[in-house]
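[1] predicted coordinates and the sequence they were generated for:
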Amino acid sequence: MAPGMALLYYPLKRNCPRTNKYDGESVLSSLKQKLRARLRWFYLRRYYFLHRIVRNKIPPHNLSYLPDGFRITKAGKTGIAIADSFCTPEEAHSIIEVAREKLGPAGILEKGKFIEHPKRRCETAMVFGPGNKDSRLLPFACRAAAMTGLPYTHVEGVYVTRYKEGGFYLEHIDYGNHFKIERLYTVLLYLNDMTPDQGGSTVFPDLHIEVQPRVGRAVAWTNMNPDSSAHPETSHAAMPVNAGGEKWAIQFWFRPYKMFNEIDYVEPQATRGVPLSKTDKFPDGTKYFVRQSGNN
Ligand SMILES: O=C(O)CCC(=O)C(=O)O
């Protein structure tokens, strides 16, 4: 063997089973392993250097945005997830105030255009999305993204909707094979409490589930698979709001692809942790811990 070949062969030989014969298969698999390891470092380093150059583009930290008590529960096998404490009542109130001045009649898509329609009676305003990145809404977009597993940059739009007395939205699905409504996920967040007498619940007739609006409660479901096959069973309706009631909600629609680039941040997004106090509430299976001397 030429000296150069010996150098190339030596590190591979250590991984080969001991045999006098040349074993082509194990040499090849060892080569593949090495190549994969090199590629892995290459990819890691690529993002490391890129991040050092484009420093300001740090994505939001979901953890620092989660309110206390945020908890996602799946509703049986319906495929619907419900999160209580998605936001605090104060946050919900502040978003209502952001939207109040912007509200206009809501429409539905027909022949490529959004038009007012007897199927839907409510008012709506876009408060976050491509072209309108209001940083006050960013924590909401991040939490909604956490429910879907998609990045917040996939959000098509965040709409605040108000149903006054008599308002409703008849049964419908949130997607269609038109680019304007290609919605993989819907996350619906209620911004105020409603009693059963006041109506306004969201119903999924095929899945036998009715959700009563509660401030800070979010409902998430898929409308389609990433390959565009449908989930028609998630067709749903907003029940009429009865006398004396008013309903405020936010819709987050997520696309299977990115809708805008990450937002640049100038403010730090995480606060430092404060040690647990005995009076804090914490989940089962975690407990208050204090380091003893000699105990790491
Ligand atoms: O407000 C609701 O309960 C449902 C809203 C809805 O169905 C929609 O906007 O697509």
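    Yes, it's here.
[2] buried sites along stretch 220-227?
    The neighbour-count check on stretch 220-227 (16 or more other Cβ atoms under 10 Å) flags Ala220, Trp221, Thr222, Asn223, Met224 as buried. (C-beta placed from N, C-alpha, C; glycine too.)
[3] so is that stretch next to the ligand?
    No - contact of stretch 220-227 with the ligand (Cβ under 6 Å from any ligand atom) is absent, the minimum separation being 9.5 Å.
[4] and that stretch, end to end?
    With Cα to Cα, to the nearest Å as the measure, the first residue of stretch 220-227 is 19 Å from its last.
[5] the top helix by length along the chain: which residues count as buried?
    In the chain, taking DSSP state H as the definition, the longest helix is helix 24-53. Within helix 24-53, the residues that qualify as buried are Ser30, counting by 16+ other Cβ under 10 Å.
[6] show me what the one helix or strand Phe140 maps to is packed up against.
    Element membership for Phe140 (DSSP states H and E) is helix 138-148. Helices and strands touching helix 138-148, by 3 or more Cβ pairs under 8 Å, 6 or more residues apart in numbering; DSSP states H and E, are helix 62-65, strand 81-84, helix 89-100, strand 123-128, strand 155-163, strand 185-190, strand 218-222, strand 247-254.
[7] among those, which comes closest to Asp280?
    For Asp280, the closest of the helices and strands packed on helix 138-148 is helix 62-65, at 16.5 Å, according to Cβ to Cβ.
[8] after the closest one, which helix or strand is next?
    Next element after helix 62-65 (DSSP H and E): strand 71-74.
[9] what pairs with that next one, parallel or antiparallel?
    strand 81-84 (antiparallel) (DSSP bridges).
[10] the ligand contacts on the stretch 51-200 of the chain?
    Tyr169, Asp174, Leu188.
[11] burial count for the first one?
    It refers to Tyr169. 20 (other Cβ atoms under 10 Å).
[12] next, it: secondary structure please.
    Under the three-state scheme (DSSP: H, G, I helix; E, B strand; the rest coil), Tyr169 adopts strand.
[13] on that earlier part again, I'd like the average pLDDT over the longest helix of the chain.
    For helix 24-53, mean pLDDT rounds to 84.
[14] out of the helices and strands packed on helix 138-148, which is closest to Glu25?
    strand 218-222 (43.8 Å).
[15] now for that closest one, which elements pack on it?
    Secondary elements touching strand 218-222 (3+ Cβ pairs under 8 Å, 6+ apart): strand 81-84, helix 138-148, strand 185-190.
[16] thinking again about what came up before, export the helices and strands packed on helix 138-148 as a markdown table, with columns for mean pLDDT.
    Output for the helices and strands packed on helix 138-148, formatted as a markdown table (pLDDT from 0 to 100):
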| stretch | mean pLDDT |
| --- | --- |
| helix 62-65 | 64 |
| strand 81-84 | 96 |
| helix 89-100 | 95 |
| strand 123-128 | 94 |
| strand 155-163 | 94 |
| strand 185-190 | 98 |
| strand 218-222 | 97 |
| strand 247-254 | 97 |
